[in-house]
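Trainee: Requesting a structural model of the entry that follows:
(chains A and B)
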Amino acid sequence: MTSSSVRVRFAPSPTGFLHIGGVRTALFNYLYAKQQGGKFLLRIEDTDLDRSEQRFTDDILTSLKWLGMEAEEPILYQSQRLDHYKKIADRMVDQGLAYRCYCTEAEVEATREQLMKEGKKAMYGRTCRERKEPLEGRTSYAIRAKFPLTGTTSFTDMVRGEIHFPSEDIDDFVMIRTNGVPTYNFVVVIDDVEMNISHVIRGDDHINNTPKQIYLYDALQAKKPVFAHLPMILGQDKKKLSKRNGETSTNAYRVEGYLPEALLNFLVRLGWSHGDQELFTMEEMIALFKLENVQVSGAVFNSEKLLWIQGEHMKRANPERLGKIVKEDFKSKFSDASFKELDSAFAAKLIPFLAPKVKLVKELAEQLHPLLEPGVMPVDASILKWNKDESVKVKIKAAIDVLRNEWRALIESNQKNTLGECGLDHAGVDLKLRSVCEANGLKLGDLTQPMRHFVTGHASSAIGLFDLFPMMNWKIINLRLEACLKS
RNA sequence: GUCCCUAUCGUCUAGAGGCCUAGGACACUGCCUUUUCACGGCGGCGACCGGGGUUCGACUCCCCGUGGGGACGCCA
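Mentor: The predicted structure follows:
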């Protein structure tokens, strides 16, 4: 036994890639479990045999692992328990708690439309509810719940309080389909009971399912869990977030270069808050999370704020870890040569400078590549400011030539690889560049723009020249300055 | 249409009857700083859906409207 009886689960269906809304649900479950000293479990709801696919299950598992939220007990797959569910349904039929329905889908659909037309709630007409014998000429049947006709089903939601449903609004929902496969509303209860789930934390699109499920808990004579319904995550159009109105695949955020803790931090603030605090570590989220503080209305997914949070986590991330992520997830941003240099001491020194200035890990990779590439980087010299004034261009080149000759001499006399090893530091480069500018009648910006462009391979680099020159291999700097002078 | 949920800046939110001339964050924007971009610092713009109650006093409590969302599947 754990110190707590709290057991929660995340129960996605593998009919699509792990959805960002699903991640938020998983997160709230996970946070609650961890904080209460309970367990976080996983169940794959694959009873829709046609739409469930292995690749989606794989994606869900990979993504959850990436996010650091893994199941603490073996994963339950509903498709492996079909017979078990069927037996329970049959037993309920014997007990008079459910019944066989011989209606065809077309017949059901017809009464549903008729009721809608009459201004009533669209539901099953209950044709077979009191039927004792199979319908003449029909062999296949579904099993429906014999939901009470009168009374009220009530429950206390941990985020919304009391919710009541009059029985006449609840349908005799299907538990077992004609093909023998059980439905969601049925199996979710059996599994939650058998997995000993104490708290059902899920999206509020399930509020309407709750009375049906409560009927099942009672029918099974099982203890009901505590329910907590989370507000929906909305797209920019304020509708439930879907592929149409936003990027919903979790893996897409990984590919973009988001850190898992940043995504989680952003998601936890969608529907939950702790005063004015915006940034949270996983430990803080676990310590501070309270279901009582969960918001009740939907929250629009704001990708700009996500980017900002990502940038903040980038500043706080361990540089070594960032290096690993770059190697694992962003190999495509490198050449063979620059990828190899990722293991160098130079790369390790670069990351702490680069990471706080970029937002995405992908951008970190894009900044690293040209700095690690041994050769010259292609430069579009047409955007350089010196094109505006030929006389300035001449002066700049003269200044660069002076610098290059001085530094080459320095390297040669010291027999070293970098200017830093020859004693030149940030302040030294600063001083040198400024004095050369003064001597040639140039502004600092005039000189640095072309140098930066050619040396870093970027029009704007996340690392300043003063920091870069001392640590970068002189041979490469020299090569690139040479290219600059020739342009 | 029916049922359920919901309503503070454009967005995420603070606010548990007087602390509110409503706070923070993102975005936008002005200035400063600056070797580009960015970061940072100091400002600005910007909201309690409407109407009734309850109360000495409502952003906060109640009711009604209205708006928004969700559900109404032999999907989950």
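Trainee: Any regions of chain A where pLDDT drops low?
Mentor: Counting by pLDDT under 70, the ranges of chain A that qualify are A:1-3.
Trainee: Okay, strands next: where are they in chain A?
Mentor: Using DSSP state E, the strands found in chain A span residues A:7-10, A:39-44, A:76-77, A:98-101, A:142-145, A:152-157, A:161-166, A:174-176, A:199-203, A:226-230, A:233-234, A:299-300.
Trainee: residues in contact with residue A:170?
Mentor: The contact partners of residue A:170, by Cβ atoms under 8 Å, 6 or more residues apart in numbering, come to A:147, A:153, A:211-212, A:215. Just so you know, the C-beta spots here come from the backbone N, C-alpha and C atoms, and that holds for glycine as well.
Trainee: could you redo those residues as CSV and give each row distance to residue A:128?
Mentor: Listed next are the contacts of residue A:170 as CSV, based on distance: Cβ to Cβ, whole Å:
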residue, distance to residue A:128
A:147, 13
A:153, 22
A:211, 21
A:212, 18
A:215, 18
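Trainee: Does residue A:474 touch residue A:409 like I think?
Mentor: No: counting by Cβ atoms under 8 Å, residue A:474 does not reach residue A:409; the two are 11.2 Å apart.
Trainee: ok, the two, which is more surrounded?
Mentor: Per other Cβ atoms under 10 Å, whichever of residue A:474 and residue A:409 has more neighbours is residue A:474, with 20 against 11.
Trainee: RNA strand B contacts on the stretch 351-487 of chain A?
Mentor: For the stretch 351-487 of chain A, the residues in contact with RNA strand B (Cβ under 7 Å from any atom of the strand) are A:356-357, A:426, A:430, A:444-445, A:448-449, A:452, A:459-467.
Trainee: Mind doing that once more with 10 Å?
Mentor: By Cβ under 10 Å from any atom of the strand, the residues of the stretch 351-487 of chain A that approach RNA strand B are A:353, A:356-359, A:367, A:385, A:426-427, A:429-430, A:433-434, A:437, A:443-449, A:451-453, A:456, A:458-469.
Trainee: Okay, and which of these map to helices?
Mentor: Members of those lying in helices (criterion: DSSP state H): A:353, A:367, A:426-427, A:429-430, A:433-434, A:437, A:444-449, A:451-453, A:456, A:465-469.
Trainee: Please, a ChimeraX command that selects the buried ones among these?
Mentor: Listed next is the ChimeraX selection for buried residues among those, using 16 or more other Cβ atoms under 10 Å:
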select /A:353,367,426,429,433,437,446,447,448,449,451,452,453,456,465,466,467,468,469
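Trainee: can I get the strands of chain A in TSV with mean neighbour count and distance to RNA strand B?
Mentor: Shown next, in TSV, are the strands of chain A (neighbours: other Cβ atoms under 10 Å; distance: least, Cβ to the nearest atom of the strand, whole Å):
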stretch	mean neighbour count	distance to RNA strand B
strand A:7-10	26	11
strand A:39-44	22	9
strand A:76-77	17	11
strand A:98-101	23	6
strand A:142-145	23	4
strand A:152-157	15	8
strand A:161-166	12	4
strand A:174-176	25	4
strand A:199-203	22	8
strand A:226-230	21	7
strand A:233-234	22	6
strand A:299-300	17	3
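Trainee: do you know how far the closest residue to residue A:151 other than its chain neighbours is from residue A:185?
Mentor: With Cβ to Cβ, 6 or more residues apart in numbering as the criterion, residue A:151 has its nearest non-adjacent residue at 4.9 Å, and that residue is residue A:167. Residue A:167 sits 16 Å away from residue A:185 when distances are taken as Cβ to Cβ, to the nearest Å.
Trainee: biggest helix in chain A by residues?
Mentor: Counting by DSSP H, the longest helix found in chain A is helix A:390-414.
Trainee: Would you mark the buried spots in that one?
Mentor: Buried residues in helix A:390-414 (16+ other Cβ under 10 Å): A:392-393, A:395-397, A:399-400, A:403-404, A:407, A:411.
Trainee: Neighbours of residue A:190, how many?
Mentor: When neighbours are counted by other Cβ under 10 Å, residue A:190 comes out with 21.
Trainee: Go ahead and confirm it touches residue A:86.
Mentor: No: with contact defined as Cβ under 8 Å, residue A:190 and residue A:86 do not form a contacting pair (10.8 Å).
Trainee: Please name the residues that touch the residue nearest the centre of chain A.
Mentor: When Cα atoms, centre = their mean is applied to chain A, the residue found nearest the centroid is residue A:250 (4.0 Å). With contact set as Cβ under 8 Å, 6+ apart, residue A:250 has these partners: A:17-20, A:22-23, A:63, A:66-67, A:263.
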